[in-house]
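Chemist: build me a model:
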Amino acid sequence: MTYPFTIFVLATTPEGTRAALRAANRRAQGRCNILLLVPCLTARPDPSGAADNPAALIDQYHRLAREVCPAAVVYVIVCAQPEDAFRQFLTGPATVLIGGHRGVWWRPTVERRLARRLSRQGHLVVFEDLGRLNERVPSAGASVRV
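Modeler: Next up, the predicted model:
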């Protein structure tokens, strides 16, 4: 079923993606589309669409999505940078969930820096902090708006 609102989950690490998919599933409550965007990074986008091993990447994230959020639709996108994946899907501001470790204030993690960049581009970004998830009861959640 197609809904008028879509939540985008940007794949990071398997643990971060799992946390973001769980959060998206809680937020959607069966009333939103959930798209999992999996960047397949290359130094230069290859015109043929071939990447190092996209079949393994597709399989890994399809299994993860089926396990955590069966309603999610998975797209693997060959791109140079993770935020390039959004340019193919978005025409305006969107709700984006990213999971990962926050890091310390003077040295944020790759995932946290990505969340900040997307937020500066006008997207509503929710960061699922794995460090805070480990400190709490799993059902309590640990989302932080960027």
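Chemist: distance of Arg63 from Ala72?
Modeler: Distance from Arg63 to Ala72, counting by C-beta to C-beta, to the nearest Å: 12 Å. To be clear about C-beta, it is placed using only N, CA and C from the backbone, and glycine gets the same treatment.
Chemist: the two - which one has more neighbours?
Modeler: More crowded of Arg63 and Ala72, by other C-beta atoms under 10 Å: Ala72, with 22 against 12.
Chemist: now do the helices in the chain.
Modeler: Secondary structure of the chain, counting by DSSP state H: helices at 14-28, 54-68, 84-87, 110-120, 130-135.
Chemist: reformat the ones you listed as a markdown table; add distance to Thr2 and mean pLDDT.
Modeler: Listed next are these as a markdown table, based on distance: least, C-beta to C-beta, whole Å; pLDDT from 0 to 100:
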| stretch | distance to Thr2 | mean pLDDT |
| --- | --- | --- |
| helix 14-28 | 13 | 94 |
| helix 54-68 | 17 | 89 |
| helix 84-87 | 19 | 78 |
| helix 110-120 | 24 | 91 |
| helix 130-135 | 31 | 67 |
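Chemist: please identify the most buried of those helices.
Modeler: helix 14-28 (a mean of 21; mean count of other C-beta atoms under 10 Å).
Chemist: longest strand of this structure?
Modeler: Counting residues, the longest strand in the chain under DSSP state E turns out to be strand 33-41.
Chemist: any idea of the mean pLDDT in that one?
Modeler: Taken as a whole, strand 33-41 has a mean pLDDT of 91.
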